[in-house]
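K.L.:
need coordinates for the below:
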Amino acid sequence: MIHAASHVGPAGILPRAGTLGYDIVASSSAVVEACLAADVPLCVFSSAEVYGRSGVLDERDPLRVPTAYNARIEYGVAKAVVEAMTVNSMARGLRAVLIRPFNVAGQRQSRAGGFVMPTFVQQALAGRPLTVFGDGKQVRAFTAADDLTHFVLDYMDAAIDAGEPIVNIGNPANRTTIGRLAERVRDLLGSDSPITHTDGRRLHGGAYAEAESFEKMPALRAATTLGWKPVVNLDELIRTTADYYETREDVRGRYAPL
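P.N.:
Presented below is the predicted three-dimensional model:
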C-alpha cells in the first residue's frame with residue numbers, strides 16, 4: 001500500500017486550518033490499521049516539513065516544533081504524528097517505510113497549491129511576471145517526481161527489509177535559491193517575462209506563512225545506502241514541466257493567482 005493522500009501545498013492547506021491535522025492523522029490511522037489487518041507492506045508519504053528548521057536535514061536529526069501554530073505548522077506536526085504512529089505500529093507487526101520528500105516537482109503538478117515550479121513555468125510561458133516571494137534567497141533542492149517514483153517502485157521493499165523506517169528523498173545537486181530558479185526558468189524557456197518580488201500574503205491571504213526551513217537541503221544517507229540516487233537535473237525538470245504545460249491547461253490551477 002502506498003499512502004500519499006493528504007491536503008498539500010503552502011496555499012492549498014490554508015482553507016483546512018484547524019481540521020488539517022485531524023484529516024491527516026485520522027486517514028493515516030485507518031490505512032495503518034488496514035495494512036496490519038491484511039499483513040500488507042505500507043509506504044507512507046511524510047514531508048520534509050517535519051524538521052521545522054533550516055539546514056542540511058538528516059533522518060536521524062531531532063525535529064523542532066515552532067510555536068507559531070499556523071496551518072503550515074499544523075501540517076508538519078500532523079505528519080510527525082503519522083510518523084510516530086507508523087513506527088510504533090511496527091512493534092505490532094506492521095511492515096512499513098516512511099519517506100520525507102523534498103520539494104517534488106514535475107509534469108502535472110498544479111500551481112493551485114502554491115507550488116513554485118509550475119507557477120514560474122506557467123508565468124514564463126504566458127509572458128507574465130514571475131512572482132518571487134520575499135528576497136528570493138530561500139534555498140531549495142528540487143526533486144523530480146520520476147526520481148521519487150523510482151524509489152517507491154524499486155526500493156520500498158529493500159528499505160523495509162533493511163529496517164530503515166524513515167528515508168529522505170531529495171536531490172542536493174538541484175540546490176538553488178528561489179530567485180535563481182526564476183532566472184533559470186526564464187532563460188531556459190526564452191521568456192521575456194520580468195521577475196518581480198512580492199509577499200505571499202498578498203496573493204494567498206494573511207494566513208499564508210513561509211516554511212520554517214529557509215534553507216531546506218536533504219541528507220541522503222538512508223536512500224543512497226539502499227542504492228537509490230536521483231538522476232533528473234534541474235534544467236531537465238524545468239523543461240519537462242514546460243513541455244507538459246505548453247499543450248495543456250492547468251485545470252486545477254484555473255482560479256489560482258498567475
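
K.L.:
helices along the stretch 151-258 of the chain, start to end?
P.N.:
For the stretch 151-258 of the chain, the helices identified by DSSP state H, counting those that start in this stretch occupy 178-188, 200-204, 221-225, 234-246, in order along the chain.

K.L.:
in the protein, which residue is closest to the centre?
P.N.:
Within the chain, the residue whose C-alpha comes closest to the C-alpha centroid is residue 103; the distance, by Cα atoms, centre = their mean, is 4.0 Å.

K.L.:
residues contacting it?
P.N.:
With contacts defined as Cβ atoms under 8 Å, 6 or more residues apart in numbering, the neighbours of residue 103 are 48, 140-143, 170, 216. From N, CA and C alone the C-beta is placed, and that goes for glycine too.

K.L.:
which secondary structure element of the chain has the lowest mean pLDDT?
P.N.:
Lowest on mean pLDDT, DSSP states H and E among the helices and strands of the chain sits helix 200-204, with a mean of 90.

K.L.:
tally of neighbours for residue 194?
P.N.:
When neighbours are defined as other Cβ atoms under 10 Å, residue 194 has 12 of them.

K.L.:
enumerate every residue touching it.
P.N.:
Applying Cβ under 8 Å, 6+ apart, the residues near residue 194 are 129-130.

K.L.:
roughly how far does it sit from residue 112?
P.N.:
Note on residue 194: its distance to residue 112, by Cβ to Cβ, to the nearest Å, is 23 Å.

K.L.:
now swap in residue 155 and tell me
P.N.:
Taking Cβ to Cβ as the measure, residue 155 and residue 112 are separated by 30 Å.

K.L.:
what of residue 86?
P.N.:
Applying Cβ to Cβ, the value for residue 86 to residue 112 is 28 Å.

K.L.:
could you do residue 68 as well?
P.N.:
Counting by Cβ to Cβ, the gap from residue 68 to residue 112 is 25 Å.

K.L.:
who's more crowded, these two?
P.N.:
residue 112 (19 against 8).

K.L.:
my guess is that one contacts residue 12, does it?
P.N.:
Yes: taking Cβ atoms under 8 Å as the definition, residue 112 is a contact partner of residue 12 at 6.4 Å.

K.L.:
related to what we said a few turns ago, quick check: strands, which of the contacts of residue 103 are part of them?
P.N.:
Using DSSP state E, the members of the contacts of residue 103 that fall in strands are 140-141, 143, 216.

K.L.:
what number of residues lie near residue 164?
P.N.:
Other residues lying near residue 164 total 18 when counted by other Cβ under 10 Å.

K.L.:
give me the pLDDT for it.
P.N.:
On the pLDDT scale, residue 164 is placed at 86.

K.L.:
residue 220 versus that one, what's the distance?
P.N.:
Distance, residue 164 to residue 220, by Cβ to Cβ: 12 Å.

K.L.:
same question, residue 172
P.N.:
From residue 172 over to residue 220 the distance is 7 Å, taken as Cβ to Cβ.

K.L.:
for the stretch 51-200 of the chain, which segments are assigned as strands?
P.N.:
Secondary structure of the stretch 51-200 of the chain (DSSP state E, counting those that start in this stretch): strands located at 55-57, 96-101, 104-105, 130-133, 139-141, 143-144, 166-169, 175-177, 195-198.
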